[in-house]
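Chemist: From the sequence below, what's the structure:
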Amino acid sequence: MKIASLADIKKELNFLSEKELIALITDLSKFNMDNKKYLFFKLYERDNPRLFIEMVQEELKSEFQNANISHYHLAKKSAQGIRRKLNKFLKISKDKAAQIELIIDFCKMLQEYGYLRFRHPVIDNLYKVQVGKVEKLISGLHEDLQYDFQDNLDDLKDYVR
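Modeler: Here you go, the predicted model:
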């Protein structure tokens, strides 16, 4: 079965009534939690633009607190799992400043919860890649915003070996 292109789907959506669109979106949100989260953030971010960032920070902090870091292997697996969740959230947000803030928080939590003390190559590389992402995202921002995030980036780079 061949799936229609996004352009074709957009054209078909134009023909639906408001009730049909609401039913379709509701059904779509029932398929998985990611769709539901995306819909929730898009609907409520108009009232509170920081809602997304605050909720993701809360969830990441909870993940770090519940992670088992008694051994480097477990710490590595935990860090990779948390990074996968972070990447899902980054796909939801189109705001580059929010993405930078979340990645910086992730890196700071890696430091704070002692993941970097293992000096495991996978954990170190994961950290370096995230710092690289921050650097790349900052370079695409307006100069004023670049200046705001530059101190945080410099702090993160201090940990890169």
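Chemist: Check the offset of the strand or helix carrying Glu12 from the chain's centre.
Modeler: Per DSSP states H and E: Glu12 is located in helix 6-14. Relative to its chain's centre, helix 6-14 lies at 28 Å (CA atoms, centre = their mean, to the nearest Å).
Chemist: gap between the two ends of stretch 9-26?
Modeler: Taking CA to CA, to the nearest Å, stretch 9-26 runs 17 Å from one end to the other.
Chemist: pLDDT below threshold where in this structure?
Modeler: Within the chain, the stretches with pLDDT under 70 are 161.
Chemist: quick one: the helices in this structure?
Modeler: Using DSSP state H, the helices of the chain run over residues 6-14, 18-31, 33-44, 51-66, 72-92, 96-112, 121-139, 143-159.
Chemist: Quick check: the gap between the closest residue to Lys30 other than its chain neighbours and Ile82.
Modeler: Among residues not flanking Lys30 along the chain, Lys36 sits closest, at 7.6 Å (CB to CB, 6 or more residues apart in numbering). Quick note: C-beta positions are derived from backbone N, CA and C, even for glycine. The spacing between Lys36 and Ile82, counted by CB to CB, to the nearest Å, is 21 Å.
Chemist: which of those two has more neighbours?
Modeler: Per other CB atoms under 10 Å, whichever of Lys36 and Ile82 has more neighbours is Ile82, with 23 against 14.
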